[in-house]
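**Q** Have a look at this fold, sequence not included:
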């Protein structure tokens, strides 16, 4: 096993053993989360997953190639050195885009396997034009994000965020007990904007609790909606008739500010907006204006400005539940993402079809 800036360079490793070279440009902490085992010979680790006793992801990659680790993916020089002679690169947050000089250095790279969903920060059109194939692990994130959207849904229906804010803010018990009408998810009309993989996972969990679900998605057919057990409607109808609206649409040029002042005004009094997708979908200034009236509630995991400034008005609103863009951060989610990456690299290097390949259109699409 090589390590950029440490032992073997990628080129030396490939030349020395005649095996494919896999550069893993993932910081050690994230590498542990994705691949589930310490590195053999490091701090007494043996490469075996302590959770299930099976080989960790890096060990599984080593079964099909020579693995070169880049501990600091933001170090351009170390990454460039590692990419010389590499066949595959595994990318994660912080890695510079594989374009220009980096792409030139990676003259043998045929696959970029991304541990997340959005690929545009890590690969450009020139890589696709050169024939580099790209795969991503967004499917592994769907369940955890859907569960957070469900938790948000239940919190908004039961107004738990309002009670928590009131009690922590020092209100007397009597005053802290005051909230708009509360509802169960059973029988509630839930609107889902976007039947994406996460949207479908969310539909599964809210339908299991008895919600009546409507979906707005121009790509979904009536037959597809029937298969999902939902009613297909236009966006305005969905907004005007839903107790909770959950956003799961992709980020596309045409979905920029899909929910603006006009759309927010369609929501019934007391409705809730859930956004675990992208802030791209919502006009945040219009949302702030609507929330300031206390007519609706919202639960948000994504924001125009991240990190969310300490003095941001959203932080002080009692009708808003906030989390710091961590909907996909569960242990199980990270392991699924890592498993997808390992499986894709293995498929590529053994000549089998990729299961999660994306094309150049993914450069402008997230979700």
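**A** Perfect, I can see it now. Predicted, not measured: the structure shown is a model, and the values here were computed from it.
**Q** what sits against the residue lying closest to residue 74 once chain neighbours are set aside?
**A** Among residues not flanking residue 74 along the chain, residue 94 sits closest, at 4.8 Å (C-beta to C-beta, 6 or more residues apart in numbering). C-betas here are computed from N, CA, C, even on glycine. Counting by C-beta atoms under 8 Å, 6 or more residues apart in numbering, residue 94 touches 27, 73, 74.
**Q** For residue 94, which three-state class applies?
**A** coil (DSSP: H, G, I helix; E, B strand; the rest coil).
**Q** In the protein, what helix or strand scores lowest on average pLDDT?
**A** helix 10-17 (a mean of 40; mean pLDDT, DSSP states H and E).
**Q** what's the following helix or strand after it?
**A** Downstream of helix 10-17, the next assigned helix or strand under DSSP states H and E is strand 21-25.
**Q** other SSEs contacting that next one?
**A** If you count contacts as 3 or more C-beta pairs under 8 Å, 6 or more residues apart in numbering; DSSP states H and E, strand 21-25 packs onto helix 10-17, helix 57-62, strand 66-69, helix 76-83, strand 88-91.
**Q** what angle do the fourth one and strand 21-25 make?
**A** In other words, helix 76-83. 160 degrees (axes from the mean of the first three to the mean of the last three C-alpha atoms, to 10 degrees).
**Q** gap between helix 76-83 and the chain center?
**A** 26 Å (C-alpha atoms, centre = their mean, to the nearest Å).
**Q** avg pLDDT for that helix?
**A** What helix 76-83 shows for mean pLDDT is 97.
**Q** buried ones in it?
**A** Neighbour-count burial for helix 76-83, counted by 16 or more other C-beta atoms under 10 Å, picks out 78, 79, 80, 81, 82, 83.
**Q** Redo the helices and strands packed on strand 21-25 as JSON lines? Include distance to residue 116.
**A** Shown next, in JSON lines, are these (distance: least, C-beta to C-beta, whole Å):
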{"stretch": "helix 10-17", "distance to residue 116": "22"}
{"stretch": "helix 57-62", "distance to residue 116": "15"}
{"stretch": "strand 66-69", "distance to residue 116": "18"}
{"stretch": "helix 76-83", "distance to residue 116": "17"}
{"stretch": "strand 88-91", "distance to residue 116": "8"}
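**Q** Quick one: end-to-end distance for stretch 272-290.
**A** 11 Å (C-alpha to C-alpha, to the nearest Å).
**Q** Kindly apply the preceding question to stretch 255-265 instead.
**A** Stretch 255-265 end-to-end distance (C-alpha to C-alpha) = 18 Å.
**Q** List the contacts of it.
**A** 193, 235-236, 239, 247, 249, 273, 280-283, 286-287, 289-290, 296.
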